[in-house]
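Student: A structural model of the following input is requested.
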Amino acid sequence: MFVDHIRIFAKAGDGGNGCSSFRREKFVPKGGPDGGDGGAGGEVVLVVDPHTDNLRSYFFQSRYLAEKGAAGQGQKMTGRSGKPLILKVPPGTVVYRTTPPVPKAAKAAKEEEFEAETEESDGIEPNDFSDTSDPVEEENEIIADLTEPGQRFVLCQAGIGGKGNWRFRTDTNQAPIEFTEGTKGEEGWFYLELRRIADIGLVGFPNAGKSTLLGALSNASPKVASYPFTTLTPMVGVVEFPGFLRTTVADIPGLIEGAHRNVGLGHDFLRHISRCSIFLFVVDAAGVDQRDPVTDIQVLRQELKLYDERLTERPWLIVANKLDLPEAAAGLEALQIRFPRQEVIPISADKGDGLDTLRRRLCELAGRRPE
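Tutor: Numbers count the residues shown, from 1 in each chain. Modelled structure (predicted):
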């Protein structure tokens, strides 16, 4: 199971209370104050683990509580501090501060109320309503973007231990009974979103041959079949170049029209291209599924623009796939006529034709010149 976004609750440990006590020994019946301080609570810390590739471990548990600090004791003994809670996340994890999830009963009631209102509204039918909102709304705050292996981020600060009564002694108050309680640890709901890190992203409609191309270029072994939506999770492969140089390529599952509105699994797929610096638009030049390659490029570019306009400013080129089929010649010509200023590289990922040319071009685009 691949999980790339999840909502969790985290709470740091509370600080322990200070102690109010007095020294009492056999020959010291009226000793001074000796109440110790409370221990600090444990922090909740996110650590980037390069050996973790998704957020599956958080799917079965949503609440994470760090250990509380122990209370202070007599003889000026400070309470034991709580252990920090370490949560491992994969590289590319974005952390949002968000709101608690809506209970299912309340959500169902809200939808029923909405349907009742839309029955009397103009131009909106109840059947048109569908909850396509992403769990991360625009007003939610991004508090961390964790990309480097070993990077640490304190998600919740720990509570501070309270002071014992021995800290309140003065010349005029030699037997204080005052002490302070430990402070509460920070808590809150957080949304973790994984955005795969790759230099180059393969973008295209289902069944365009992206998985076959990734398998031919890199050491990845994606599932390949003749039906659409074979790939349901992003795959990242490493492409080797001469001179021990390399780049990473991400196979983004097939997009469909309306993906920017989260149609299908639009946002689940689009979030993973936001980190790619170069895009390869892979199209079926032969039109095996009765698709027009020119229209496909236009729709894909529009979907990226509507999702995040900054994505259209990044370098991109067209990969015309399935050139081993006779019908591909017309599709290739149409692409070259419609996009005269854009580079179009004809290939056959299945037969291996044109892959050397594409590999050299990728090396140049990634800023790695082959020897």
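Student: Leu245: how many residues sit nearby?
Tutor: Residues lying near Leu245 (other CB atoms under 10 Å) number 15. In this view, the C-beta of every residue, glycine as well, is placed from N, C-alpha and C.
Student: no, scratch that, I was asking about Val344
Tutor: Residues lying near Val344 (other CB under 10 Å) number 20.
Student: Ala334 is in contact with that one, correct?
Tutor: No. Using CB atoms under 8 Å, Val344 is not in contact with Ala334, being 10.1 Å away.
Student: quick check: phi and psi on the residue nearest the centre of the chain?
Tutor: Centroid check for the chain by CA atoms, centre = their mean gives Leu194 as the closest residue, at 1.8 Å. Main-chain dihedrals, Leu194, degrees, to the nearest 10: phi -90, psi 130.
Student: what distance do you get for it to Asp145?
Tutor: Leu194 sits 11 Å away from Asp145, going by CB to CB, to the nearest Å.
Student: please apply the same query to Val28.
Tutor: In this view, Val28 and Asp145 are 58 Å apart by CB to CB.
Student: and what of Asp37?
Tutor: Distance, Asp37 to Asp145, by CB to CB: 36 Å.
Student: show me what contacts the residue nearest to the centre of the chain?
Tutor: Asp4, His5, Asn54, Leu55, Val89, Pro90, Gly92, Thr93, Val94, Arg271, His272 (CB atoms under 8 Å, 6 or more residues apart in numbering).
Student: excluding covalently adjacent residues, which one is nearest to it?
Tutor: Leaving aside its sequence neighbours, Leu194 sits nearest to Asp4 (CB to CB, 6 or more residues apart in numbering; 4.1 Å).
Student: who's more crowded, Val28 and Asp145?
Tutor: Neighbours per residue, other CB under 10 Å: of Val28 and Asp145, the larger number sits with Asp145, 14 against 10.
Student: export only the CA atoms of stretch 192-211, formatted as PDB.
Tutor: Below are the C-alpha coordinates for stretch 192-211, written out as PDB (Å, rounded to 0.1, in the frame of the first residue of the first chain):
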ATOM      1  CA  LEU A 192       2.000  15.300   5.900                       C
ATOM      2  CA  GLU A 193       2.200  15.300   2.100                       C
ATOM      3  CA  LEU A 194       4.800  13.500   0.200                       C
ATOM      4  CA  ARG A 195       6.100  15.100  -3.000                       C
ATOM      5  CA  ARG A 196       8.500  12.700  -4.700                       C
ATOM      6  CA  ILE A 197      11.900  14.300  -5.500                       C
ATOM      7  CA  ALA A 198      13.100  13.800  -9.100                       C
ATOM      8  CA  ASP A 199      15.000  15.900 -11.600                       C
ATOM      9  CA  ILE A 200      12.700  14.900 -14.600                       C
ATOM     10  CA  GLY A 201       9.000  14.100 -14.600                       C
ATOM     11  CA  LEU A 202       7.200  12.000 -17.200                       C
ATOM     12  CA  VAL A 203       3.800  13.500 -17.900                       C
ATOM     13  CA  GLY A 204       1.200  11.900 -20.100                       C
ATOM     14  CA  PHE A 205      -2.200  10.400 -20.500                       C
ATOM     15  CA  PRO A 206      -2.800   6.800 -19.400                       C
ATOM     16  CA  ASN A 207      -1.400   4.100 -21.700                       C
ATOM     17  CA  ALA A 208       1.000   6.600 -23.400                       C
ATOM     18  CA  GLY A 209       4.000   4.300 -22.600                       C
ATOM     19  CA  LYS A 210       5.600   6.200 -19.700                       C
ATOM     20  CA  SER A 211       6.200   3.100 -17.600                       C
END
